[in-house]
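[1] no sequence for this one, just the structure:
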């Protein structure tokens, strides 16, 4: 009905419609200029996307070819080899990375979620919440090497030795702001009517925050924790100044600890062929680990949205 009224009004006012309108627009220089700019913008966007995809596929193909050739059973059962020796694996580096990343996740996830809840509930009403949000934004954009140097000056230089605890502390500082920001943003998406209904039933504010608001967006909060886990899994710079490396297998968190990012960096620059092959294999493991975490986070979030 609205379409008929619009058409009738256009005919009554003398405005051309149908093929005549298309012909009139094609003769309009302003329309032709806008159409040309539109096509140029779309072409540049497609060109930029194609360039990015080509580079990404090139990197992944090279990684799959060289990294896949280095994957074998000994990589997961043997420790890093000595300089000039054959064979060897990445068992100590894999275990060290799992220990530090796992502990960092256990530390950063509850801190980040609680801080995000505080910002969503009280962050707009007091100066402390505004400062917390400002510091979180700064830490999100801070280079990881700066955080590594901070932990080195704060802890490593005091105890005079590298350790797994220092590495855990450094990557925890990288993960916390990711979880905080994700939790804060997700909690802000909860409908006000849902919160008002909970308050109308007499629920206290802390119970509404934990049992209603957080529960409504738990998939998004889990996604933020998984994204933070993927972010810290491949960090190299902080671990150079904190955990360093260890050629031997060690589960002692109070001593230098092997980890995949630092081992990949050192082996990739070495003159030994087997070390470079192990570096390619380690890079493939880290890449697929981070890719798996991102796919898992998107799957969890999409399934929750469907329900």
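    The structure has been received and is ready for your questions. The structure displayed is predicted, hence computed values, not measured ones. Numbers count the residues shown, from 1 in each chain.
[2] where does the protein dip in pLDDT?
    Across the chain, the ranges flagged by pLDDT under 70 are 1-26, 300-307.
[3] what about 50?
    Scanning the chain for pLDDT under 50 picks out 1-4, 6-14.
[4] Tell me who's in contact with the residue nearest the centre of the chain.
    In the chain, the residue lying closest to the centroid (Cα atoms, centre = their mean) is residue 227, at 4.1 Å. The contact partners of residue 227, taken as Cβ atoms under 8 Å, 6 or more residues apart in numbering, are 178, 182, 293-294, 297. (C-beta placed from N, C-alpha, C; glycine too.)
[5] before we move on, which element is it in?
    helix 218-233 (DSSP states H and E).
[6] which parts of that helix are buried?
    By 16 or more other Cβ atoms under 10 Å, the buried positions in helix 218-233 come out as 219-233.
[7] Kindly report the same for stretch 33-53.
    Result for stretch 33-53 [16+ other Cβ under 10 Å]: no buried residues.
[8] And for stretch 279-299?
    So, applying 16+ other Cβ under 10 Å, buried residues of stretch 279-299: 279-287, 289-290, 293, 297.
[9] Likewise for stretch 169-189?
    Of the residues in stretch 169-189, 169-184, 186-187 count as buried by neighbour count, 16+ other Cβ under 10 Å.
[10] among the residues you listed, which are in strands?
    Of the buried residues of stretch 169-189, none are assigned to strands by DSSP state E.
[11] Which members of the residues you listed are positioned in helices?
    Among these, the ones falling in helices (DSSP state H) are 169-184, 186-187.
[12] for residue 295, what are its contacts?
    So residue 295 contacts nothing (Cβ under 8 Å, 6+ apart).
[13] which other residues reach stretch 149-161?
    Taking Cβ under 8 Å, 6+ apart as the rule, stretch 149-161 contacts 162-163, 165-166, 169-170, 173, 238, 241-242, 255-256.
[14] With secondary structure and distance to residue 195 added, can I get these in TSV?
    Formatted as TSV, those follow (DSSP: H, G, I helix; E, B strand; the rest coil; distance: Cβ to Cβ, whole Å):
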residue	secondary structure	distance to residue 195
162	coil	47
163	coil	45
165	helix	40
166	helix	42
169	helix	36
170	helix	37
173	helix	32
238	helix	39
241	coil	44
242	coil	42
255	coil	49
256	coil	49
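[15] Now distance to residue 82 too, for those, in TSV please.
    Converted to TSV, these look like this (distance: Cβ to Cβ, whole Å):
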residue	distance to residue 82
162	20
163	23
165	27
166	25
169	30
170	28
173	34
238	27
241	25
242	24
255	19
256	16
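[16] filter the residues you listed to the buried ones?
    Using 16+ other Cβ under 10 Å, the buried ones in the contacts of stretch 149-161 are 162-163, 165-166, 169-170, 173, 238, 241-242, 256.
[17] Looking at the residues you listed, which one is closest to residue 121?
    residue 173 (23.7 Å; Cβ to Cβ).
[18] ok, the contacts of residue 227 vs residue 269, which is closest?
    residue 293 (27.1 Å).
[19] hang on, isn't that closest one packed against residue 228?
    No - in this structure, residue 293 is not within contact of residue 228 by Cβ atoms under 8 Å, at 9.5 Å.
[20] Show me the strands in the stretch 201-307 of the chain, by range?
    Using DSSP state E, counting those that start in this stretch, no strands are found in the stretch 201-307 of the chain.
[21] Quick one: the helices in it, in order.
    205-207, 214-216, 218-233, 237-240, 260-268, 273-306 (DSSP state H, counting those that start in this stretch).
[22] Looking at the ones you listed, spot the one closest to residue 58.
    helix 273-306 (13.9 Å).
[23] now that closest one against helix 260-268, angle please.
    If you take axes from the mean of the first three to the mean of the last three Cα atoms, to 10 degrees, helix 273-306 sits at 150 degrees to helix 260-268.
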